[in-house]
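**Student:** Everything below, folded, please.
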Amino acid sequence: MGTFLGHVVPGTFFIGFALWWIYSIFRRYFIANKFHHNGIEGYRNTISYPCHVNSRSVNIEGYLKVICTTIGIIGETATAFEDGHWAHLGNGQHITMFAFFGISGVVDLIAMKKDKVLPANSGYAVGFLAFAAEGFLFYNHLHGRTHMDVQVHMMLFCAIVGCAVSAVFEAYLKNSVIAALSRAYFTLLQGTWFYQVGFILYPPFSFLGKWNEDSHEQMMIVTMIYTWHAAFHIALIICAGFWVKFRVDKLTDADEEYSFWAEDSAPLYKKLSNMDNQWIGQYKDSIEDEPSVSRRNEKFKSEIIDSDLEAP
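**Tutor:** As a prediction, the model looks like this:
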């Protein structure tokens, strides 16, 4: 990653995933509020968010993780050799980081299968390990660097820690939209800061000039820029929330497209019939058995059907 392109590529990866998560989280939250019989209490987090293609849920995130990390591993391996010998040990650390996120993608794809072969929260556990490994590698990747080089990478390390901690909280707070948005927020911060580090350490254009990496004044400017990134992302998430809510408010009916998938539960929402615009379905938590969930769903179903019959 010791080039401008080496920082842009992973930055684009994290930005793309973060923006998709932000959109999907808000979309699920507002649809639950509008269509689920429990309102926003019907919202539930998942480690990844599928795309709906021809009435099928496709975990595009898992495929992208596997494909992108495989390309990254091949690229880092190809550029690590000089004269037939492994000459760049840093590439080995990058390959290790890519491998962890690739494993996360594989787990996402396995968890998508109907026959549940993985325990609940496996995706969150592996996602946490991927961020933790990334942070550990970056923390021990700074020996012999300039002061500013160490500074910008430690700021990146802080964002990575935020991603890992948010993943843990999200796994335990499945109904908290704030926990889910926190993971997306720190991932977005990590992605844009990758770009910023590339511009600071490896400016791609001559007119940008070279930073004095030992200047205390310029290091103070870098600190301000980091906080600007953090503030901008908060504003971006708020604007995204208003935009997604506007789109959901225009919906007059929710079809099977909005039957969300979760790695540790049945489809989150089930539409009863075309006569109403309500969604029925309860989460299969570990503290409840299948019969109790079914009985409660039947109770909700009978209540809605009775109300339809009583309507003039």
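
**Student:** For the rest of this, base every contact and every neighbour count on C-alpha atoms.
**Tutor:** OK.

**Student:** Below-threshold pLDDT in this structure: ranges please.
**Tutor:** By pLDDT under 70, the low-scoring segments of the chain are 1-2, 36-40, 53-56, 114-115, 252-312.

**Student:** need the helices for it, in chain order.
**Tutor:** With DSSP state H applied, the chain shows helices at 4-35, 60-78, 89-111, 122-139, 147-172, 177-201, 216-249, 290-310, listed in chain order.

**Student:** The first one relative to helix 216-249, how many degrees between them?
**Tutor:** Same thing as helix 4-35. Here helix 4-35 runs at an angle of 30 degrees relative to helix 216-249 (axes from the mean of the first three to the mean of the last three CA atoms, to 10 degrees).

**Student:** same check, this time on the fifth one
**Tutor:** Using the same axes, to 10 degrees, the interaxial angle of helix 147-172 with respect to helix 216-249 works out to 30 degrees.

**Student:** List the buried residues for helix 147-172?
**Tutor:** Of the residues in helix 147-172, 148-171 count as buried by neighbour count, 16 or more other CA atoms under 10 Å.

**Student:** and the spatially closest residue to residue 202 that is not a sequence neighbour, what is it in contact with?
**Tutor:** Nearest non-adjacent residue to residue 202, counting by CA to CA, 6 or more residues apart in numbering: residue 4, 5.2 Å away. Applying CA atoms under 8 Å, 6 or more residues apart in numbering to residue 4 gives the contacts 198, 199, 201, 202, 203, 204.

**Student:** Ok, residue 205 next?
**Tutor:** Residues near residue 205 by CA under 8 Å, 6+ apart: none.

**Student:** Next, it: phi, psi?
**Tutor:** phi -120, psi 140 (degrees, to the nearest 10).

**Student:** From here on, call the first residue 450.
**Tutor:** From this message on, residue numbering opens at 450, which makes the last subject residue 654.

**Student:** Let me know the distance separating it from residue 697.
**Tutor:** As judged by CA to CA, to the nearest Å, residue 654 and residue 697 stand 42 Å apart.

**Student:** Ok, residue 592 next?
**Tutor:** 50 Å.

**Student:** neighbour count winner among the two?
**Tutor:** residue 697 (19 against 8; other CA atoms under 10 Å).

**Student:** any idea how far the more buried one lies from residue 478?
**Tutor:** 10 Å.

**Student:** Just give the number of residues close to the nearest residue to residue 522 once chain neighbours are set aside.
**Tutor:** Residue nearest to residue 522 in three dimensions, not counting chain neighbours: residue 544, with 5.1 Å by CA to CA, 6+ apart. By other CA under 10 Å, 18 other residues sit near residue 544.

**Student:** list the contacts for residue 544?
**Tutor:** Contacts of residue 544 (CA under 8 Å, 6+ apart): 521, 522, 525, 526.

**Student:** From the structure, what's the count of residues near the second one?
**Tutor:** Meaning residue 522. Neighbour count for residue 522, taken as other CA under 10 Å: 19.

**Student:** so it sits right up against residue 547, yeah?
**Tutor:** Yes: the pair residue 522 / residue 547 is scored as a contact, 6.4 Å apart, by CA atoms under 8 Å.

**Student:** would you put the C-alpha positions of stretch 592-603 in PDB?
**Tutor:** Extracted in PDB, the C-alpha atoms of stretch 592-603 (Å, rounded to 0.1, in the frame of the first residue of the first chain):
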ATOM      1  CA  HIS A 592       8.200   1.100  12.700                       C
ATOM      2  CA  GLY A 593      10.800   3.600  11.300                       C
ATOM      3  CA  ARG A 594       8.200   5.900   9.800                       C
ATOM      4  CA  THR A 595       8.100   9.700   9.900                       C
ATOM      5  CA  HIS A 596       6.100  11.500  12.600                       C
ATOM      6  CA  MET A 597       3.300  12.400  10.200                       C
ATOM      7  CA  ASP A 598       3.200   8.900   8.700                       C
ATOM      8  CA  VAL A 599       2.700   7.400  12.100                       C
ATOM      9  CA  GLN A 600       0.100  10.000  13.000                       C
ATOM     10  CA  VAL A 601      -2.100   9.400  10.000                       C
ATOM     11  CA  HIS A 602      -1.900   5.700  10.400                       C
ATOM     12  CA  MET A 603      -2.800   5.900  14.100                       C
END
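
**Student:** neighbouring contacts of that stretch?
**Tutor:** Contact with stretch 592-603 is made by 587, 588, 591, 646, 650, 662, 663, 668, 671, as judged by CA under 8 Å, 6+ apart.

**Student:** Count the residues that sit near the fourth one.
**Tutor:** In other words, residue 646. Neighbourhood size, residue 646 [other CA under 10 Å]: 23.

**Student:** hang on, it packs against residue 457?
**Tutor:** No: using CA under 8 Å, residue 646 makes no contact with residue 457, being 9.1 Å away.

**Student:** coming back round to it: from the contacts of stretch 592-603, keep the buried residues only.
**Tutor:** By neighbour count, with 16+ other CA under 10 Å, those hold 587, 588, 646, 650, 662, 668, 671 as buried.
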